[in-house]
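Novice: Fold the following and give me the result.
(one chain, ligands or ions: 1)
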Amino acid sequence: MELNNLITQQWQVIMNNDYHFDRQFWYGVTTTKIFCKPSCPPRPPIYNNIVIFTAPEQASAADFRPCKRYRPFNQIVNNQIWVNEIEQV
Ligand SMILES: [Zn+2]
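Specialist: Presented below is the predicted three-dimensional model:
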């Protein structure tokens, strides 16, 4: 599987935790194998350790784990899934 290269604009978005770009791309840190959305506060350590995903499923397929704290999957679940989760509680 070929991963997308980080581009300068995406790096800026990550460093600024710009939530406007949430759902447009996700980034993974190759050293920790964790991925998150651009607005996640922890700063990625090194430019060269970042890979970009166009969907969280793509990150999972590449053996990256979702960030526990900011849960990159949660923002893309649709309303029906939310309803199901609420009903199960
Ligand atoms: Zn995160």
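Novice: does Tyr27 belong to a helix or a strand, and which?
Specialist: Using DSSP states H and E, Tyr27 maps to strand 26-29.
Novice: now what about that strand, what contacts it?
Specialist: Strand 26-29 has contacts (C-beta atoms under 8 Å, 6 or more residues apart in numbering) with 3, 6, 10, 14, 34-38, 44-45, 49-56, 58-59, 62, 64, 72. Using the backbone N, CA and C atoms, a C-beta is placed for each residue, glycine as well.
Novice: Then stretch 38-53?
Specialist: 3-7, 10-11, 13-15, 17-19, 21-22, 24-31, 35-36, 59, 62, 64, 67, 69-70, 72.
Novice: Provide the contact partners of the helix or strand where Gln9 lies at residue level.
Specialist: Secondary structure assignment for Gln9, by DSSP H and E: helix 8-16. Applying C-beta under 8 Å, 6+ apart, the contact partners of helix 8-16 are Asp18, Phe21, Phe25, Tyr27, Pro38, Arg43, Pro44, Tyr47, Ile50, Ile52.
Novice: how about those residues in a markdown table, adding secondary structure, pLDDT and neighbour count?
Specialist: Converted to a markdown table, the contacts of helix 8-16 look like this (DSSP: H, G, I helix; E, B strand; the rest coil; pLDDT from 0 to 100; neighbours: other C-beta atoms under 10 Å):
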| residue | secondary structure | pLDDT | neighbour count |
| --- | --- | --- | --- |
| Asp18 | coil | 92 | 14 |
| Phe21 | helix | 93 | 19 |
| Phe25 | coil | 93 | 19 |
| Tyr27 | strand | 93 | 27 |
| Pro38 | coil | 92 | 23 |
| Arg43 | coil | 68 | 8 |
| Pro44 | coil | 63 | 20 |
| Tyr47 | helix | 87 | 11 |
| Ile50 | strand | 92 | 20 |
| Ile52 | strand | 94 | 20 |
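Novice: for stretch 33-47, how far is the first residue from the last?
Specialist: Its start and end residues considered, stretch 33-47 measures 15 Å (C-alpha to C-alpha, to the nearest Å).
Novice: buried sites along it?
Specialist: Ile34, Phe35, Cys36, Lys37, Pro38, Ser39, Cys40, Pro44 (16 or more other C-beta atoms under 10 Å).
Novice: Understood, closing this out.
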